[in-house]
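> output the structure for:
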Amino acid sequence: MIVIHDLSGSPVAAASMITPFVPSPSSDRVSRSNAGAWVILRSIGGSTVSSCSWKSWGHLEAWRERGPIDGLGYKVELFSDNGPVNAIPIAEGTVSVKKGGKFCIDSAILGSKWLPGEGFVMGSTVSGEGKVSKPVVQVGVRHVTCMPDAALFIALSAAIDLSMDACKFFSHKLRKELCPDQQYYSFS
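Alright, predicted model coming up:
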């Protein structure tokens, strides 16, 4: 679980993996039909992670795209007040696995009226596979009314970033930062 804290140390947002990233049968890749998934959560009280109550805000699915351009495919949905039953798709795309790129939510591109205001909502840099990750997150001021709103986008950005490594071919080694004893492991 990725937890974002405010300056006082209280948790305000989180991303939790709800579907593990595992290879599809007879494959060494996470496919769209077998995508890994995260739920993005908003804190609704509590000063520690263990005492905090959480409300689902959104959902991220990620997978390894097939085809001429090797990429991380993703789909983001925003939950309504009724929860995931009436989820609203807000972003879908692909980021190059080799070069990385930018993950972006822009309501003008979607032609969506899911949030008040139009245009840029948020964007985040995503490093390519195997590269040290230092995401930069930008949030459109029109879509943020408080610090926890910005924290939700930071949690989403962290989940996208970690999905890049989670969707790595399972025959390849993990980055040393993702291995507890600082050694490389192979899943072959």
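> surely K131 meets G100?
Yes - K131 is within contact range of G100, at 6.7 Å (criterion: Cβ atoms under 8 Å). Yep, even glycine has a C-beta here, placed from its N, CA and C like the rest.
> okay, these two: which has more neighbours?
Remark: of K131 and G100, G100 carries more neighbours, 19 against 14, as counted by other Cβ atoms under 10 Å.
> buried set for the lengthiest helix in the chain?
Secondary structure of the chain per DSSP state H: the longest helix is helix 147-166. Within helix 147-166, the residues that count as buried by 16 or more other Cβ atoms under 10 Å are 148-166.
> any weak-confidence spans in this protein?
Where the chain drops to pLDDT under 70, the residues are 108-118, 172-188.
> let's see it at 50
Low-confidence segments of the chain (pLDDT under 50): 182-188.
> what are the ranges of the strands in it?
For the chain, the strands defined by DSSP state E cover 2-5, 11-19, 36-43, 54-65, 71-80, 83-96, 101-106, 120-126, 137-139.
> nearest to R29, out of these?
Of all the strands of the chain, strand 54-65 sits nearest to R29, with 4.4 Å by Cβ to Cβ.
> tell me what the closest one is packed against?
Judged by 3 or more Cβ pairs under 8 Å, 6 or more residues apart in numbering; DSSP states H and E, the packing partners of strand 54-65 are strand 11-19, strand 36-43, strand 71-80, strand 83-96, helix 147-166.
> tell me what the third one is packed against?
Yep, that's strand 71-80 we're talking about. strand 54-65, strand 83-96, helix 147-166.
> what comes up buried for it?
Of the residues in strand 71-80, 71-79 count as buried by neighbour count, 16+ other Cβ under 10 Å.
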